[in-house]
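[1] coordinates only, sequence not included:
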RNA sequence: GGGCUGGUAGCUCAACGGUAGAGCAGGAGACUUUUAAUCUCUUGGUUCUGGGUUCGAAUCCCAGCCGGCCCA
């Protein structure tokens, strides 16, 4: 590349020398009559499309970022990349005049470039476009992360996701798995007659789950509103309205902590199927997730990896998935006599088993804590936990034989709750009573308008929820929810 | 909220009380099929911020800011 003028001293002192040089090259391109930030450029599709169309002697048009430059003097090799792949471009000085080669010298790694030329195969077997023309398309005024190690700084990967996408293949793989999964879910449900709907995010009462909502204000009606925390109640209103199979996939918001498994906004699938029950819903989810696993991994085996990238666990999604009652799982973990013990004895037993128990906990909370630590966290392959205590699930129908239980499942895979499914409670009076009898730290808000809808008659139905972020984590092998969200919530920098 | 841990050149990382370095990127040069190209030379730093200890601080201490992991 060409001789550079000495930079003004202040440019270098800010650590801005790299930017200053690129700005100079951008200006030099403009001075030579070449727009450094170009416009329309006709291409044979994405880089992957160009590779698919590749043939020796065929004229190809491609565009992308310059991600490598191997300078041989009169011969240059460039890598042109986008998120779909990489293709090599060969530029031979013999094919261009001096002005053109001067312009070529003003290009930098990271710039967008369009090329046209014939395909050929180098003697090392690399598919290559022999550039007959090249067109600068956009100047990168700042350098990209290092070519070999990519961008490793976790914070910067999340705050400047575009740099992560440009430089980290693994991030592209995980983040692009998500839209494929979302699309496949829609296709799966639509093929079974489910209708997709969109319901309001701004709600007067945020209910359907026990969680703190975000609050905002609507000026026109001078009323406080909440961002939804669940989709459930509106979809049930649609069951009342006569739509027998309905689903929504959309964003929920919970004003709670941020962690490896929690983002304040997250995507939920909920589906409701009139005249079905929780077991039919379990079958549906089982089939759907297996299809998704085949789509993403081509297999029902899943390998989870630790921070070093080594295989940590192997999961097997082969059907049929195990189904077991909550009480039986507790008894197996804590002793057959568990449910005959009084509260004090249960607390003592739980602590002896290494489960942290606080004095304030009620009986079902002690049992639930024990369940989470000794069953849920230790479960790898899919497990449908069924027939939970009714206190845990106020929107589900009670079991006919044992009204202390509800007809529900909780799907657990790899120690995480992936999906709940219910036989939905459709008796308005029972529903009111169940919402009023909630106890413990977090309770669900009472939505009178929802109860009014139930009084008009809701068909018996099965319902499911699927946390899409966690499902994608599972299927794509991501360790953190932030790895499956393009722009995860971060604390603003001061 | 608590515990542990991290922040050094554009990027990836060293230096762990005694002159802040390397690789890549950048700059100059050589090279007409390279591919982490190679070879010679070379520029580049408010060591996150603010205090403190010390003859001397990237390093030790305190506070803060922003992350990561674990716990609640």
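    Cool, got the structure. Here the structure is a predicted model, which is why all the values come from computation and not from measurement.

[2] run a quick neighbour tally on the closest residue to RNA strand B within the stretch 251-400 of chain A.
    At 4.2 Å from RNA strand B, residue A:260 is the closest residue in the stretch 251-400 of chain A, using C-beta to the nearest atom of the strand. Bear in mind the C-beta positions are built from the backbone N, C-alpha and C, glycine included. Residue A:260 has 12 neighbours, counted by other C-beta atoms under 10 Å.

[3] residues touching it, list them.
    A:479, A:480, A:481, A:482 (C-beta atoms under 8 Å, 6 or more residues apart in numbering).

[4] which of those residues has the largest number of neighbours?
    Among the contacts of residue A:260, the one with the most neighbours (other C-beta under 10 Å) is residue A:482, at 24 neighbours.

[5] surely it and residue A:161 touch.
    No. Using C-beta atoms under 8 Å, residue A:482 is not in contact with residue A:161; the gap is 9.9 Å.

[6] now for the residue nearest to residue A:74 when sequence neighbours are not counted: which residues touch it?
    Leaving aside its chain neighbours, residue A:74 sits nearest to residue A:93 (4.4 Å; criterion: C-beta to C-beta, 6 or more residues apart in numbering). By C-beta under 8 Å, 6+ apart, residue A:93 lies in contact with A:74, A:75, A:76, A:101.

[7] now with 10 Å?
    Contact analysis of residue A:93 by C-beta atoms under 10 Å, 6 or more residues apart in numbering lists A:72, A:73, A:74, A:75, A:76, A:100, A:101, A:104.

[8] max pairwise distance over those residues: which two?
    Maximum pairwise distance among those (C-beta to C-beta): 17.5 Å, between A:72 and A:100.

[9] where does the most centrally placed residue in chain A land on pLDDT?
    Nearest residue to the geometric centre of chain A (C-alpha atoms, centre = their mean): residue A:484, 3.5 Å. What the model reports for residue A:484 is a pLDDT of 96.

[10] what does the stretch 251-400 of chain A put close to RNA strand B?
    A:257, A:259, A:260, A:356 (C-beta under 7 Å from any atom of the strand).

[11] what about the nearest residue to the last one once chain neighbours are set aside, distance to residue A:163?
    Take residue A:356 and drop its neighbours on the chain: the residue closest to it by C-beta to C-beta, 6+ apart is residue A:369, 7.4 Å away. Distance of residue A:369 to residue A:163, computed by C-beta to C-beta, to the nearest Å: 42 Å.

[12] likewise for residue A:230?
    Per C-beta to C-beta, residue A:230 is found 35 Å from residue A:163.

[13] swap in residue A:218?
    Counting by C-beta to C-beta, the gap from residue A:218 to residue A:163 is 38 Å.

[14] backbone dihedrals for the residue nearest to residue A:74, both of them.
    Main-chain dihedrals, residue A:93, degrees, to the nearest 10: phi -60, psi -30.

[15] tell me if residue A:137 really is in a strand.
    Yes. The assignment for residue A:137 (DSSP: H, G, I helix; E, B strand; the rest coil) places it in a strand.
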